[in-house]
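Peer 1: give the three-dimensional model of this entry:
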Amino acid sequence: MAKDIKSLRTRIKSFDSTLHLTGAMGLVASSKIKRACDAMYASRDYSAGISEITMSLAASPECRKSPFFGLAKSDAENTDEEQDLKEEKRFTKTRLIVIAGDRGLCGGYNANVFRTVRTLDEFEIKPIGKRSYDKYHVSDEGNEDETTEDNGYLSSEHFSYEEALEEAEVSCKDFLEGRIDRVLVVYNRYVSIMSQEPALFQLLPLERDNGAKEFGGICEPDADVILQNLVPEYFASKLYALVKESFACEVAARRMAMDSAKKNAQQMIDDLKLEYNRARQSTITQEITEIVSGAGK
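Peer 2: Numbers count the residues shown, from 1 in each chain. Predicted structure coming up:
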């Protein structure tokens, strides 16, 4: 019985340490939520402005054959047979930008991203975030689709617009030179502080917005030249906004995970204390019984 009491005391102490740790991490996450959400909303506004201009230019006749529309740029001019052939060859070289967190202990945040990646095929990966980098940067001879070069990881928390623009210039160049034919981003979409959903977003090729109004101003130089120079900025602004949104999701997910862990730890402590008190009471009762029995003799 004494051994059981000692074991229960050790477990209570262990869960108490866990309670303090999860509580501290929850407070840190809470302190970051406001700043992360402010950065997300600001990047969304900037990205929306760039996207509106880009889609307006894309709707103009001069930009209809822009190379940034990929194979889709001349689909309307193809016969049915040519269209079928293009569909078969389309999107065979995909670059996948996978945005995950720099740390764990955030529920299913990272796992949901990796699960989404597993549903795709025929891609090369560009990781953002330490968890994404740790998973995909090591060469895997048995699966070349899930590898990337070991060039150091980009932090999702401290991701800058300059880094986004650098990735945009590389990807746009590779797209125009035919080394890739599509760029997708796997990220977490922020629904609320309690809900985040894994999602896919296509950066390249551009997709026309049927509801976009044609740019009505006078363009100098031509609209297609402006569009070609604007696409890297559009790419960078979208990527930057998605990284900031993913980080806001990470912080919110960690806050909820730590709150849940804190409640579970407290519940375990309460249950163990009840069991400890029962064991201690049983020991005391047994000792009193032995004393009384000895006195009776």
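
Peer 1: what segments of the stretch 101-250 of the chain are helices?
Peer 2: For the stretch 101-250 of the chain, the helices defined by DSSP state H, counting those that start in this stretch occupy 109-118, 130-136, 161-176, 223-296.

Peer 1: do you know which of the ones you listed lies nearest His20?
Peer 2: Taking CB to CB, helix 223-296 is the member of those nearest to His20, at 9.0 Å. C-beta: built from backbone N, CA, C; applies to glycine.

Peer 1: what average pLDDT does that closest one get?
Peer 2: For helix 223-296, mean pLDDT rounds to 88.

Peer 1: about what we covered before: mind putting the helices of the stretch 101-250 of the chain into JSON lines with mean neighbour count and distance to Ala24?
Peer 2: JSON lines is the format used below for the helices of the stretch 101-250 of the chain (neighbours: other CB atoms under 10 Å; distance: least, CB to CB, whole Å):
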{"stretch": "helix 109-118", "mean neighbour count": "18", "distance to Ala24": "19"}
{"stretch": "helix 130-136", "mean neighbour count": "21", "distance to Ala24": "21"}
{"stretch": "helix 161-176", "mean neighbour count": "18", "distance to Ala24": "30"}
{"stretch": "helix 223-296", "mean neighbour count": "18", "distance to Ala24": "9"}
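
Peer 1: okay, those helices in TSV with distance to Tyr46 next?
Peer 2: Below are the helices of the stretch 101-250 of the chain laid out as TSV (distance: least, CB to CB, whole Å):
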stretch	distance to Tyr46
helix 109-118	24
helix 130-136	24
helix 161-176	9
helix 223-296	6
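
Peer 1: Leu57: which of these is closest?
Peer 2: helix 223-296 (4.5 Å).

Peer 1: helices and strands around the closest one, which ones?
Peer 2: Packing contacts for helix 223-296, counted by 3 or more CB pairs under 8 Å, 6 or more residues apart in numbering; DSSP states H and E, involve helix 2-58, strand 94-99, helix 109-118, helix 161-176, strand 182-192, strand 195-204.

Peer 1: so how far is the last one off the chain centroid?
Peer 2: Okay, so that is strand 195-204. Here strand 195-204 is found 9 Å from its chain centre; the criterion is CA atoms, centre = their mean, to the nearest Å.
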